[in-house]
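>>> Sequence first, then the predicted structure, then my questions.
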Amino acid sequence: MIEAGKKAPDFTLLNQDGKKVKLSDFLGKNVILYFYPKDNTSGCTTEACNFRDSFPKLENLDSVVIGISPDSVESHKKFADKYNLQFDLLADTEKKVLEKYGVWKEKSMYGKKYMGVERTTYIIGKDGKVKKVFEKVKVPNHHNEVIEALKAV
C-alpha cells in the first residue's frame, strides 16, 4: 500500500477506448483512483454507478475519477457503455499497477485462497501526493466518504 503523504507512483494504461492514460497528466487536479475486482459484478457496478451519479459534485471539487481493474479494454468498453460511465476505466491486465499500489492480494472465499483485487480507493491531491487511502472499501456509501474526504483536501 502507498501511504498518505507519499507521491503516487505514475503509470500509463489503456482506457476503455484504447487511449493511453497517464496519471501524471492529471497534476493540478484531485484524482479519485479506485481499484475494483471485476466489470459487471454487483459490487463493482454499484460502485461505478455511484461515482457516475456523483460526477457533478466531484467535478465541482476539481476532481477526476479513474477506475482500474485487471479486466481488458474490451470488457471496460462494454461496462462503460452499458452504464454510461463518463470517466476512464483502465485495463491493468498484467497487474503491474495493481501490484505497485498494493491492491493485488491473496484473498479467501469459502476456504479457498486465490489472488484478486482488494477494493481500495486512493485520493491523490493536485500535487501528485496521496492524501487519503480507503482500504477494504464497503461500496454502499463509499462515494459519499470520498466526497467528504475531498472537501478536506
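Alright, I've got the coordinates. Residues are numbered from 1 along each chain as shown.
>>> Who is the residue nearest the centre of the chain paired with across the strands?
The residue lying closest to the centre of the chain (C-alpha atoms, centre = their mean) is Tyr34, at 1.7 Å. Beta-bridge partners recorded for Tyr34 (DSSP bridges): Gly67, Thr121.
>>> and the gap between it and Gln86?
The gap separating Tyr34 from Gln86 is 15 Å, by C-beta to C-beta, to the nearest Å. Heads up, the C-betas are built off the backbone N, CA and C, glycines and all.
>>> ok, now which ones touch the nearest residue to Leu33 once chain neighbours are set aside?
Leaving aside its sequence neighbours, Leu33 sits nearest to Tyr122 (C-beta to C-beta, 6 or more residues apart in numbering; 4.4 Å). Going by C-beta atoms under 8 Å, 6 or more residues apart in numbering, Tyr122 touches Ile2, Ala8, Val31, Ile32, Leu33, Tyr34, Tyr101, Val130, Lys132, Val133, Phe134.
>>> Which one of those is nearest to Lys78?
Tyr34 (18.8 Å; C-beta to C-beta).
>>> What is the neighbour count of the nearest residue in space to Lys126 that is not next to it in sequence?
Ranked by C-beta to C-beta, 6+ apart and with sequence neighbours excluded, the top spatial neighbour of Lys126 is Gly28, at 5.3 Å. By other C-beta atoms under 10 Å, the residues close to Gly28 number 10.
>>> can you check His143 too?
His143: 25 neighbours (other C-beta under 10 Å).
>>> where does Leu98 land on pLDDT?
At Leu98, the model reports a pLDDT of 97.
>>> measure it to Asn84 for me?
Leu98 sits 26 Å away from Asn84, taking C-beta to C-beta as the criterion.
>>> and what of Val137?
Relative to Asn84, and taking C-beta to C-beta, Val137 is found at 22 Å.
>>> Looking at the two, which is more packed in?
Val137 (18 against 8).
>>> need the contact list for the nearest residue to the more buried one once chain neighbours are set aside.
What sits nearest to Val137 in space, not counting adjacent residues and going by C-beta to C-beta, 6+ apart, is Arg119, at 4.3 Å. Residues near Arg119 by C-beta under 8 Å, 6+ apart: Tyr34, Phe35, Tyr36, Pro37, Gly43, Glu47, Lys136, Val137, Val139.
>>> in this structure, which spans are helices?
Using DSSP state H, the helices of the chain run over 42-53, 55-60, 73-83, 96-100, 142-151.
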